[in-house]
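A.B. asks: quick check, what structure comes out for this input:
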Amino acid sequence: MASHCRAWVLFACFLWMAVGLSRSACAQAPTIEQQGVVTGNAAATSRPGSMDSLLGPMPGSAGGVRGMQPGRDDMLLGRIGTSMPRVPTAVTTPGGVYQGPPVGRGATAPQPIPPPRPSFYGTLELPKLEAEEGPADGLTLDQAIELLKLRNLDLRAKFLEIPQGRADVLTASLRANPIFYADTQLVPYGSDSIRRPGGPTQYDVNISQPIDFSHKRQARTTYAARALQVMEAQYQDEVRLAIQNLYNAYVDVLAARELVRYVQTSVRGLDEYLRINQELYKRSIASSADVDQARADREIAAAGLLDADENLRQRKRALGELLFLMPEEAEQIELRGTLGDLAPPPPPREELFQIALAYRPDVAAFQLGIQAAEANVRLQLANRFSDAYLLYQPYTFQNNAPYRTESATSWAVGLTVPWPIFNRNQGNIERARINVYQSQTQLVAHERKVRTEVQQALSEYAVSGRIMQSLRNQALPPLKRAYQDRLRLFEEGEATRIAFLDARRKYNDTAKAYLDFAVRHRRSMLALNTVLGQRILP
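C.D. replies: Predicted coordinates for the structure are as follows:
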């Protein structure tokens with residue numbers, strides 16, 4: 001008895017150790033906080049090799065595949081009800097977009113020290129709009145858009161969702177295969193005889209053909225085709241958003257190029273300023289300290305030019321990444337574009353609203369999603385009934401040899417029809433109908449969101465344009481005249497160095513502000529194209 005008790009104790013200890021060692025350890029390890037990249041589409045975080053759609057959830061559908069194995073009564077969505085809640089998780093975090101659980105604090109990864117922004121020491125001359133467009137053979141924005149659509153790998157990967165959707169349509173349209181069945185019946189234990197009759201042994205060959213009398217296949221195909229249309233609209237919206245990213249990268253290169261030109265002008269201006277100080281020093285009006293200060297300012301501006309050149313190369317590499325160019329190729333890109341606004345003003349606001357609602361592919365996706373939801377209702381109505389089965393038995397052989405009589409062959413036909421006494425799909429039908437109302441509500445909400453986006457983009461375009469024109473036409477001319485007067489007086493020795501530098505600083509600050517607003521206005525022009533879903537501004 002004692003030996004049995006010891007055995008049970010040892011077994012219990014072994015079991016406890018096995019369970020304990022199988023659990024994952026909970027020790028605290030050093031962690032590094034990563035700087036994540038926020039994307040506009042949650043599907044962009046899909047795991048490589050997964051079956052998740054890169055285009056995100058489909059409007060008008062609760063998710064799942066659009067095709068299924070024919071000849072089965074399984075629902076198209078793969079399970080009863082929806083596969084995910086329709087309520088966005090962002091409602092749990094008012095005032096912001098829910099990005100998942102907070103990242104635990106850990107050792108912060110060291111961030112690279114940003115290079116100092118170049119200071120402007122020379123005179124910043126404003127460019128002429130015709131002269132700043134770049135070389136005649138440079139890459140235009142239209143050409144960049146075409147390259148993006150042809151060569152961008154992210155868009156190419158998302159485009160492959162469309163042939164997958166066509167495969168779903170093909171799967172949904174397939175007919176059920178007939179069922180072949182063969183059996184042997186009334187096989188005796190031993191042998192049959194006249195004294196102990198049984199059987200006779202029978203050999204059957206059966207063929208059963210499913211009959212879709214409720215037209216589930218047609219409804220399934222229609223729903224898959226509607227889902228494909230939604231997917232195509234979603235892909236078009238991904239192209240729209242990708243073009244917006246291209247807009248930003250393109251304007252970044254234009255702004256960096258203009259910044260290089262500004263700094264080059266600054267270096268040339270400091271060369272002239274150094275020359276003036278040397279002349280004043282020869283006339284004993286300026287001191288050697290003034291000359292040394294001017295020479296140091298010139299060297300600082302030259303260092304800023306090196307940083308501006310590197311900044312331009314970085315912006316070109318970022319643009320080249322969107323166009324699937326090697327870094328060496330991207331650095332050689334020359335753009336044919338301008339930061340100036342050479343286009344006529346856009347149409348009135350109400351007309352812009354109508355353009356956005358008519359041409360934006362995300363609005364079209366929601367509209368097509370309603371049709372897909374209605375097709376899903378018809379599918380669920382068809383799924384109330386199971387298939388009937390037509391049985392054809394072309395060959396039956398009855399073995400009468402044990403009874404010393406001739407054997408017989410025969411055939412049979414039959415039909416199996418389920419009785420629709422109970423509605424086996426009423427919950428899914430109600431859910432699909434509610435999904436239609438949900439999709440209609442989402443469309444109304446999305447249209448209001450689009451109107452807000454158009455209003456904001458139009459306001460940004462108008463405000464940035466007015467500020468830019470005000471700086472160019474009203475603020476900069478008097479500051480330039482004041483600077484030129486101070487320069488003349490400084491060369492003649494009648495103005496102090498401090499007064500001259502102050503006048504030049506005010507002019508340069510305003511000229512730099514003009515550049516910033518020119519970039520901002522150029523972005524607003526292209527952002528207006530994005531929110532409209534149609535390019536109305538160059």
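
A.B. asks: can you give me the strands for the stretch 201-350 of the chain?
C.D. replies: Assigned by DSSP state E, counting those that start in this stretch, the strands in the stretch 201-350 of the chain fall at 201-211.

A.B. asks: please enumerate the helices of it.
C.D. replies: For the stretch 201-350 of the chain, the helices defined by DSSP state H, counting those that start in this stretch cover 216-282, 288-322, 327-331, 349-359.

A.B. asks: tell me the SS of residue 56?
C.D. replies: Here residue 56 is coil, with the state taken from DSSP: H, G, I helix; E, B strand; the rest coil.

A.B. asks: sorry, back to before: please identify the most buried of the helices of the stretch 201-350 of the chain.
C.D. replies: helix 216-282 (a mean of 20; mean count of other CB atoms under 10 Å). (C-beta placed from N, C-alpha, C; glycine too.)

A.B. asks: what helices and strands are in contact with that helix?
C.D. replies: The contact analysis (3 or more CB pairs under 8 Å, 6 or more residues apart in numbering; DSSP states H and E) places helix 216-282 against helix 141-151, helix 153-159, helix 161-173, helix 288-322, helix 361-382, helix 476-491, helix 497-532.

A.B. asks: just name the most buried of those.
C.D. replies: Highest mean neighbour count among the helices and strands packed on helix 216-282 (mean count of other CB under 10 Å): helix 361-382, a mean of 22.

A.B. asks: what's the following helix or strand after it?
C.D. replies: strand 388-399 (DSSP states H and E).

A.B. asks: angle of that next one against strand 201-211?
C.D. replies: Here the directions of strand 388-399 and strand 201-211 differ by 170 degrees (axes from the mean of the first three to the mean of the last three CA atoms, to 10 degrees).

A.B. asks: next SSE after strand 388-399?
C.D. replies: Counting by DSSP H and E, what follows strand 388-399 is strand 408-416.

A.B. asks: for that following strand, what is the average pLDDT?
C.D. replies: Strand 408-416 shows an average pLDDT of 90 in the prediction.

A.B. asks: also stretch 298-305?
C.D. replies: Mean predicted confidence for stretch 298-305 is 87.

A.B. asks: do the same with stretch 435-453
C.D. replies: Averaged across stretch 435-453, pLDDT comes to 95.

A.B. asks: just the buried residues of that stretch, please?
C.D. replies: Neighbour-count burial for stretch 435-453, counted by 16 or more other CB atoms under 10 Å, picks out 435, 436, 438, 439, 440, 442, 443, 446, 447, 450, 451, 453.

A.B. asks: would a markdown table of the helices of the stretch 201-350 of the chain with distance to residue 384 be doable?
C.D. replies: Shown next, in a markdown table, are those (distance: least, CB to CB, whole Å):
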| stretch | distance to residue 384 |
| --- | --- |
| helix 216-282 | 9 |
| helix 288-322 | 50 |
| helix 327-331 | 59 |
| helix 349-359 | 37 |
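
A.B. asks: out of the helices and strands packed on helix 216-282, flag the one nearest residue 237.
C.D. replies: helix 361-382 (4.2 Å; CB to CB).

A.B. asks: just the C-alphas of the closest one, formatted as CSV.
C.D. replies: Extracted in CSV, the C-alpha atoms of helix 361-382 (Å, rounded to 0.1, in the frame of the first residue of the first chain):
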residue,chain,number,x,y,z
PRO,A,361,-14.1,55.9,-55.2
ASP,A,362,-14.6,55.5,-51.4
VAL,A,363,-18.1,57.0,-51.8
ALA,A,364,-18.7,54.6,-54.7
ALA,A,365,-17.5,51.7,-52.5
PHE,A,366,-20.2,52.5,-49.9
GLN,A,367,-22.9,52.8,-52.6
LEU,A,368,-21.9,49.5,-54.1
GLY,A,369,-21.7,48.1,-50.6
ILE,A,370,-25.4,48.7,-50.2
GLN,A,371,-26.1,46.7,-53.3
ALA,A,372,-23.8,43.9,-52.0
ALA,A,373,-25.8,43.9,-48.7
GLU,A,374,-29.1,43.6,-50.6
ALA,A,375,-27.6,40.8,-52.6
ASN,A,376,-26.7,39.1,-49.3
VAL,A,377,-30.3,39.4,-48.2
ARG,A,378,-31.4,37.5,-51.3
LEU,A,379,-28.7,34.9,-50.7
GLN,A,380,-29.9,34.3,-47.1
LEU,A,381,-33.5,34.0,-48.4
ALA,A,382,-32.3,31.3,-50.8
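
A.B. asks: just want the angle from that helix to helix 161-173.
C.D. replies: 10 degrees.

A.B. asks: among the helices of the stretch 201-350 of the chain, which is nearest residue 425?
C.D. replies: Across these, closest to residue 425 is helix 216-282 (CB to CB), at 10.7 Å.

A.B. asks: now the closest one and helix 361-382, what's the angle there?
C.D. replies: Using the same axes, to 10 degrees, helix 216-282 lies at 160 degrees relative to helix 361-382.

A.B. asks: against residue 356, how distant is residue 447?
C.D. replies: Per CB to CB, to the nearest Å, residue 447 is found 9 Å from residue 356.

A.B. asks: who touches both of those two?
C.D. replies: residue 363 (CB atoms under 8 Å, 6 or more residues apart in numbering).

A.B. asks: quick check, nearest of the buried residues of stretch 435-453 to residue 284?
C.D. replies: Taking the buried residues of stretch 435-453 together and measuring to residue 284 by CB to CB, the closest member is residue 453, at 65.3 Å.

A.B. asks: please name the nearest non-neighbouring residue to that closest one.
C.D. replies: Of all residues not flanking residue 453 in the chain, residue 531 sits nearest, at 4.5 Å (CB to CB, 6 or more residues apart in numbering).

A.B. asks: and for residue 148?
C.D. replies: Going by CB to CB, 6+ apart, residue 148 has residue 246 as its nearest residue, at 5.1 Å.

A.B. asks: and that neighbour, what does it touch?
C.D. replies: Residues near residue 246 by CB under 8 Å, 6+ apart: 144, 145, 148, 319, 322.

A.B. asks: isn't the last one right up against residue 149?
C.D. replies: By that I understand residue 322. No - using CB atoms under 8 Å as the test, residue 322 is too far from residue 149 to be in contact (10.9 Å).

A.B. asks: distance to residue 501 added to the contacts of residue 246, as a markdown table?
C.D. replies: Below are the contacts of residue 246 laid out as a markdown table (distance: CB to CB, whole Å):
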| residue | distance to residue 501 |
| --- | --- |
| 144 | 41 |
| 145 | 45 |
| 148 | 46 |
| 319 | 37 |
| 322 | 42 |
